[in-house]
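Peer 1: Make a model of this:
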Amino acid sequence: MKTKYEELGFRCGLEIHQQLEGKKLFCNCATLNSDKEADTKIERKLRAVAGETGVVDIAAEYEMTKNKKFFYQSNSCDTCLVEYDEEPPHMLNKTALETALKVSLLLNAAIVDEIQIMRKTVIDGSNVSGFQRTALVAMSGFVETSHGRIEIPTICLEEESAQKLDEGKDFVRYKLDRLGIPLLEIATSPDIKSPEEAKEVAAHIGMVLRSVENVKRGLGTIRQDVNVSIKDTGRVEIKGFQDLRSIPKVIEYEITRQLEIAKKGQKLTNEVRKAEPDFTTSYLRPIPSAARMYPETDVLPTTIKKDYVVKLKKSLPKLKSEKLGDFSLKYNISKEHAKELIDNSDFEYLQGKFSGKDVSVIIRMLLNTPNEIKSKLNSKDFEEILNYYFDGKIAKEAMAHLLESKSKGEKIDLSRFEGVSDDNLETEIKKIIEEKPNLNASAYMGLAMAKFRGKADGKKIMELVKKHSK
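Peer 2: Below you'll find the predicted structure:
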């Protein structure tokens with residue numbers, strides 16, 4: 001039976017975290033995410049301190065009871081003394097701030113008059129200082145969904161945390177290249193009415209973010225946290241979603257879990273849980289309270305003038321959703337393909353290089369190449385393989401094999417994929433059928449593909465097999 005979320009008192013809100021490109025938020029280090037070997041290492045222990053209200057945050061207190069050591073390492077190409085908390089933060093990154101303000105305006109939010117940096121206590125080791133710097137930049141935004149308007153009460157600009165490498169019973173090891181990257185935090189109201197609407201809201205906000213320059217792209221640069229509850233239960237914050245498609249499934253699991261707890265007469269407390277790959281959730285820690293916030297004294301406030309906001313409004317980029325039609329017409333491709341390719345710089349480069357050629361070949365190559373292969377290739381690699389195909393040196397089926405070879409750094413050997421003429425192909429297929437009579441078409445297709453994969457068009461092979469196996 002379908003869950004009736006309204007009757008359950010279902011409440012759901014999102015927190016979207018998006019990394020920005022360029023320099024870090026409080027120093028001049030680049031946002032490289034370097035994979036170079038570490039040349040700096042330190043060890044720390046952290047303790048919780050009272051927030052602005054004079055109370056120690058419950059989540060920070062919980063982490064401190066673990067009494068863990070924290071080991072930090074990095075390469076000096078993308079870290080400095082600021083990340084190690086051995087030097088005061090520099091002035092707020094103005095480029096990152098401008099990007100945050102543009103996103104805020106595209107989300108219909110009101111920009112604040114002054115940016116005041118706050119410290120948010122975090123002692124799980126993900127910030128060397130024991131706190132994360134964050135600033136409110138806009139309020140009272142909204143997005144429209146197919147079910148109505150969802151409010152966006154706050155948009156903040158803050159520091160990204162360090163990346164966890166491994167941990168043991170009494171220690172955690174972190175890599176600091178990610179620490180300090182500018183991070184946008186966009187929080188919605190808890191008025192999302194269903195798991196599917198949560199996915200729709202996340203997709204819309206993601207589209208807005210992709211419409212703005214200086215926003216990072218790629219795996220791990222955007223994260224979604226989901227807050228859910230039902231009537232008479234505590235709030236649960238779920239972290240670690242793998243992708244948008246997993247949001248409804250994890251929410252459905254979590255609501256079922258909460259209902260089972262309620263049926264047993266047990267009390268559900270406010271807590272943070274992790275979204276697991278199998279769409280279940282697991283306990284992480286208590287939900288932090290307001291007691292963990294206090295003012296940053298090392299960074300001056302930034303005044304936002306009204307004429308500056310007016311200027312930004314006049315220069316806002318067109319949303320990706322509005323650009324899809326233009327992109328589709330420009331390249332004469334379907335809107336479905338346009339949606340997949342509008343952010344793909346390789347497509348525009350290759351379309352320019354092979355203007356007048358069959359664009360469907362380029363589209364299939366880019367969309368069908370697995371991400372683990374695609375991530376190791378650049379535009380020139382794709383161009384090289386397309387040149388072989390359009391020059392008639394290889395069959396279409398050889399392209400995937402050659403791209404895989406390029407991704408492994410192997411030398412390209414075109415002789416392995418030398419094309420077969422139509423006459424020779426037909427002769428060879430007739431020979432296969434004559435040598436093994438009385439097999440079905442599928443069996444002959446398998447034998448032919450094993451011999452001619454990468455050398456002849458699969459569709460043509462199928463036509464010839466059907467023709468001669470009757």
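Peer 1: can you count the residues close to Thr121?
Peer 2: By other Cβ atoms under 10 Å, the residues close to Thr121 number 27. Yep, even glycine has a C-beta here, placed from its N, CA and C like the rest.
Peer 1: State the distance from the closest residue to it other than its chain neighbours to Lys68.
Peer 2: In space, and not counting its chain neighbours, Thr121 is closest to Arg292: 3.7 Å by Cβ to Cβ, 6 or more residues apart in numbering. Distance of Arg292 to Lys68, computed by Cβ to Cβ, to the nearest Å: 18 Å.
Peer 1: Tell me which of the two has more neighbours.
Peer 2: Higher neighbour count among Arg292 and Lys68: Arg292, with 27 against 19, using other Cβ under 10 Å.
Peer 1: mind listing what the more buried one touches?
Peer 2: 51, 57, 59-60, 120-122 (Cβ atoms under 8 Å, 6 or more residues apart in numbering).
Peer 1: Not counting sequence-adjacent ones, nearest residue to Val309?
Peer 2: Ile111 (5.2 Å).
Peer 1: One more: Leu176?
Peer 2: Using Cβ to Cβ, 6+ apart, the nearest residue to Leu176 is Ser74, at 3.8 Å.
Peer 1: List phi and psi for that neighbour.
Peer 2: Phi and psi for Ser74, reported as degrees, to the nearest 10, are phi -170, psi 170.
Peer 1: Hmm, it is touching Thr40, no?
Peer 2: Yes - the pair Ser74 / Thr40 is scored as a contact, 5.5 Å apart, by Cβ atoms under 8 Å.
Peer 1: that older thread, what about the residue nearest to Val309, how many residues close to it?
Peer 2: Using other Cβ under 10 Å: Ile111 sits among 19 other residues.
Peer 1: residue contacts, the closest residue in space to Asn440 that isn't next to it in sequence?
Peer 2: Leaving out its chain neighbours, the residue that sits closest to Asn440 by Cβ to Cβ, 6+ apart is Ser469, at 7.6 Å. By Cβ under 8 Å, 6+ apart, Ser469 lies in contact with 433, 439-441, 444.
Peer 1: Over to Leu268?
Peer 2: Leu268 touches 233-234, 236, 258, 261-262, counting by Cβ under 8 Å, 6+ apart.
Peer 1: mind redoing it with 10 Å?
Peer 2: 229-230, 232-236, 257-258, 261-262 (Cβ atoms under 10 Å, 6 or more residues apart in numbering).
Peer 1: pLDDT score for it?
Peer 2: Listed pLDDT for Leu268 reads 83.
Peer 1: My reading is that it lies in a helix. Confirm?
Peer 2: No - under the criterion used here (DSSP: H, G, I helix; E, B strand; the rest coil), Leu268 is coil, not part of a helix.
Peer 1: just to revisit the earlier point, give me the beta-bridge partners of the residue nearest to Val309?
Peer 2: Residues in a beta bridge with Ile111, per DSSP bridges, are Ala138.
Peer 1: Okay, it and Lys306: tell me how far apart.
Peer 2: In terms of Cβ to Cβ, Ile111 sits 9 Å off from Lys306.
Peer 1: Need the nearest residue in space to Arg119, chain neighbours excluded.
Peer 2: Per Cβ to Cβ, 6+ apart, closest to Arg119 is Phe131, 4.1 Å.
Peer 1: cool, and Ser129?
Peer 2: Using Cβ to Cβ, 6+ apart, the nearest residue to Ser129 is Asp85, at 4.2 Å.
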